[in-house]
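Asks: model this:
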Amino acid sequence: MTAHPPVAARHVRGRARRAATSFAAASVLISSAALAGCAPQRDGDVYTVLNSSTDETYHRWDAEAMARCGERLGVTVEQQSVPAAQVMTKALRMASSKSLPDIVQFDASEMPTFADAGGLVDLRTLGLTTDDVPEGIVDFGSHEGTYYGAARSVNTLALFYDEDVLDAAGVRVPTTWDELRRAAKKLTGGDRYGLALSAGGAEDGVFQFTPFMWSNGGDETDLDSPQVVEALDYWKTLLQDGSLSRSTVNWTQADVNDQFMAGNAAMMINGPWQVETLNTKESLHWGIAQIPVPEAGAESVGPLGGAVLTVPRTGDAERERTAGRIVACLASEREQLTYALNSWMVPANEKAAAKWRERVPELDALADQVAAARSRTARLGAGWPGVSLALQSAFQSALTGQSSETALRRAQQRATGGNRGTRP
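Replies: Numbering: from 1, shown residues only. Below you'll find the model as predicted:
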């Protein structure tokens, strides 16, 4: 795939389990590195960024941005790119060997692991400000109130629809759950389903469930609340109507996009990382809207996705200050706009986002969705992976026959270690 989705869009089933081990080991590895003495001597004018830009286009765009910032600051900035699923593991290994890079670009859902272990520098102490960054995106890069990660761009989910199919069926773009259910039923026929979404047993499914859970007033700290049960029941209703494929429980977000492009789904829940691929099919006339809400007038609250630039603690205060200047440059209004126009993501900076809206008006609904979006780790921090795993199991159980209430009760017990008196 040529697009560059957030880590959430590319998780595999085993990764979240490995992440739990990383959370347990991170504090020991990072603390040991901090106590083990000075880091090896570094090249004074060369600064390294560890990221997941393994796709050729993204690697090139990042290299160009780093070259521009390096020239402005009088240093050389190089990137070391590994697959997204390996960034945390690589960073932990480098911490244990006292060879951390100057900057690490973490998926925002993983950043709290390093921050919680004391491995990151507060960006505000390095001179970075958040004056033009919306509060939700500041939270996205923060852990326990400290700003550790600067986002260049962010993304979220939206409702994509086939304009030709909806027009032919006389269906208006749905805005509420009732409208979405009726539209999906009417658009289902033959080999085509009305809606495609990912409910797979991985982070993809959890990422796609959060808009339904949050917009309905549900909360990740209370998985078996009536609001969360109602959201999962809504998914079950779409499946029982025949508007969703039974394969939904196995699909990733990439699979969902494949089904939509093949004409097997009239609508889909997905993100802007698919736009580059969608645009390769000239005969497909697609539109985008906010994800429908339980009742008219409710706010559509989706998940923020993307990565943040962080400065690890290396023991060299001067290099950390320069690394902070590099992060500030990469996250500047000008660089954010360039990056967002290349990647179809939404700039984190409000001024850059306003210019972005003017340049890509077809994605205006996505910017509106981002404005109300939330970070998955804002409330749970490093505890998010445990809740995610619990929800993944609940989807698999509820969508294959178990009641949503029972599945989510077990999920809550799993997320809290069976202790009903303690929320995660």
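Asks: Quick one: the helices in the stretch 201-350 of the chain, in order.
Replies: 203-215, 226-240, 253-261, 275-278, 317-330, 333-343, 350-359 (DSSP state H, counting those that start in this stretch).
Asks: could those be laid out in JSON lines, adding distance to residue 66?
Replies: Where you see a C-beta, it was placed from the backbone N, CA and C, and this is true even at glycine. Shown next, in JSON lines, are the helices of the stretch 201-350 of the chain (distance: least, C-beta to C-beta, whole Å):
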{"stretch": "helix 203-215", "distance to residue 66": "28"}
{"stretch": "helix 226-240", "distance to residue 66": "41"}
{"stretch": "helix 253-261", "distance to residue 66": "28"}
{"stretch": "helix 275-278", "distance to residue 66": "22"}
{"stretch": "helix 317-330", "distance to residue 66": "7"}
{"stretch": "helix 333-343", "distance to residue 66": "10"}
{"stretch": "helix 350-359", "distance to residue 66": "18"}
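Asks: Surely residue 391 forms part of a strand?
Replies: No: secondary structure of residue 391 (DSSP: H, G, I helix; E, B strand; the rest coil): helix, not part of a strand.
Asks: Can you tell me the closest non-neighbouring residue to it?
Replies: Spatial nearest neighbour of residue 391, excluding adjacent residues (C-beta to C-beta, 6 or more residues apart in numbering): residue 206 at 5.0 Å.
Asks: okay, that neighbour: pLDDT?
Replies: Each residue has a pLDDT score; the one for residue 206 is 94.
Asks: for it, what are its contacts?
Replies: Residues in contact with residue 206 (C-beta atoms under 8 Å, 6 or more residues apart in numbering) are 8, 376, 388, 391-392.
Asks: Out of those, which end up buried?
Replies: 8, 376, 388, 391-392 (16 or more other C-beta atoms under 10 Å).
Asks: what packs against the helix or strand encompassing residue 181?
Replies: Residue 181 belongs to helix 177-187 when assigned by DSSP states H and E. When contacts are defined as 3 or more C-beta pairs under 8 Å, 6 or more residues apart in numbering; DSSP states H and E, helix 177-187 packs onto helix 163-169, strand 193-196, helix 226-240, strand 265-270.
Asks: can I get the contacts of residue 206 in TSV with pLDDT?
Replies: As requested, the contacts of residue 206 are exported to TSV (pLDDT from 0 to 100):
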residue	pLDDT
8	40
376	89
388	92
391	95
392	93
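Asks: Dump the residues you listed into a markdown table; add distance to residue 412 as well.
Replies: As requested, these are exported to a markdown table (distance: C-beta to C-beta, whole Å):
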| residue | distance to residue 412 |
| --- | --- |
| 8 | 22 |
| 376 | 17 |
| 388 | 13 |
| 391 | 10 |
| 392 | 14 |
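Asks: What is the nearest of these to residue 246?
Replies: When the contacts of residue 206 are compared for distance to residue 246 (C-beta to C-beta), residue 392 wins out at 17.6 Å.
Asks: Does that closest one touch residue 207 like I think?
Replies: No: taking contacts as C-beta atoms under 8 Å, residue 392 lies outside contact range of residue 207: 10.8 Å.
Asks: And the strands in this protein?
Replies: 46-51, 76-81, 103-107, 142-143, 146-147, 153-154, 158-162, 193-196, 265-270, 286-289, 307-310, 346-347 (DSSP state E).
Asks: Partner strands of the third one, with direction?
Replies: Strands that pair with strand 103-107, judged by DSSP bridges, come out as strand 46-51 (parallel), strand 307-310 (antiparallel).
Asks: out of these, deepest packed?
Replies: Ranked by mean neighbour count, the strands paired with strand 103-107 are led by strand 307-310 with a mean of 27 (mean count of other C-beta atoms under 10 Å).
Asks: List of residues touching it?
Replies: 6-7, 49, 51-52, 103-108, 111, 114-115, 120-121, 123, 140-141, 148-152, 327, 330-331.
Asks: Low-confidence regions, the stretch 1-150 of the chain specifically.
Replies: 1-43 (pLDDT under 70).
Asks: next one: the stretch 201-350 of the chain
Replies: In the stretch 201-350 of the chain there are no weaker segments when pLDDT under 70 is taken as the threshold.
Asks: Dig out what the residue nearest in space to the middle of the chain forms beta bridges with.
Replies: Centroid-nearest residue in the chain, with C-alpha atoms, centre = their mean: residue 305, separated by 2.2 Å. Bridge pairing for residue 305 (DSSP bridges) gives the partners residue 155.
Asks: Looks like it contacts residue 253 (just checking).
Replies: No: contact criterion C-beta under 8 Å: residue 305 and residue 253 do not qualify, at 10.3 Å.
Asks: and the closest residue to residue 69 other than its chain neighbours, how far is that from residue 303?
Replies: Leaving out its chain neighbours, the residue that sits closest to residue 69 by C-beta to C-beta, 6+ apart is residue 329, at 3.7 Å. Look at residue 329 and residue 303: by C-beta to C-beta, to the nearest Å, they are 28 Å apart.
Asks: Kindly report the same for residue 272.
Replies: Residue 272 sits 13 Å away from residue 303, going by C-beta to C-beta.
Asks: Please say which of the two ends up with more neighbours.
Replies: Shown here are residue 272 and residue 303; by other C-beta atoms under 10 Å, residue 272 has more neighbours (28 against 25).
Asks: Thank you, goodbye.
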